[in-house]
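Novice: Prediction below, plus the sequence it came from.
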Amino acid sequence: MIGLDALSLLLAKHGLAVLAPAALIEGPIVTVIAAWLASRGLFDVWSVAAVVIAADLLGDFAFYALGRGGLARLPLRWRTRLGLNADRLARLAGHFEVKGGRTLLLGKLTHSFGFAVLVAAGAARMPLLTFFWFNLLGTVPKSLAFVGIGYGFGAAYARIDDWIARASLAVLAVALLAGVTWLITRGARR
């Protein structure tokens, strides 16, 4: 990963041409830095928002496509090791049919599970328009929140990056604890 100071300089020098691929790869902290640069008059803040939203959606579609098309390319032996048998995939598809929107929004908000949720949506063959709609509903407020944070407090981008990482780890820890608790209580009921 490129350093945050170097990233800030690259964005300031090359503008939105660097912002789009950087936002696709690094996400929230790139948004914060770009919005901070917008607050200093180097970018138009609405252009920053549009670019980071588009980059986020493009990245999410790539993960969706990986789940949708990549699963068939995995050797059967690997799918078996990952527990991706026909029964489990049918249950996954049923989950996304009933609770797909809620699951996508939760994945967008937690940031820690975003990748897995997006790939699972593709593997479950969630309809593309439904995927796009719910993903857009999660992406726009999240991206705008990071634009707002960057615009107002972006000078502290190194500290903000640390906060983002800590919050992501905390959410991951809580989710893992909840999952383990669920598995234990489920096992006790049997």
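Specialist: Done, it's in. The structure displayed is predicted, hence computed values, not measured ones.
Novice: Next, count neighbours for Gly69.
Specialist: 11 (other Cβ atoms under 10 Å). (Each C-beta comes from the backbone N, C-alpha and C, glycine too.)
Novice: Would you enumerate the residues in contact with it?
Specialist: For Gly69, the contact set (Cβ atoms under 8 Å, 6 or more residues apart in numbering) comprises Gly122.
Novice: Secondary structure element for it, which one?
Specialist: Gly69 belongs to helix 45-73 when elements are defined using DSSP states H and E.
Novice: In the longest helix along the chain, which residues are buried?
Specialist: Of all the segments assigned as helix in the chain under DSSP state H, the longest by residue count is helix 157-189. Of the residues in helix 157-189, those scored as buried under the neighbour-count criterion (16 or more other Cβ atoms under 10 Å) are Tyr157, Ile160, Asp161, Ile164, Ser168.
Novice: Equivalent analysis for stretch 6-22, please.
Specialist: Using 16+ other Cβ under 10 Å, the residues of stretch 6-22 that count as buried are Leu7, Ser8, Leu10, Leu11, Gly15, Val18, Leu19, Ala22.
Novice: Equivalent analysis for stretch 100-116, please.
Specialist: Within stretch 100-116, the residues that count as buried by 16+ other Cβ under 10 Å are Gly100, Gly101, Thr103, Leu104, Leu105, Gly107, Lys108, Thr110, His111, Ser112, Phe113, Gly114.
Novice: ok, those residues vs Ala62, which is closest?
Specialist: Distance to Ala62, by Cβ to Cβ, is smallest for Gly114 among the buried residues of stretch 100-116, at 12.1 Å.
Novice: Perfect, that will be all.
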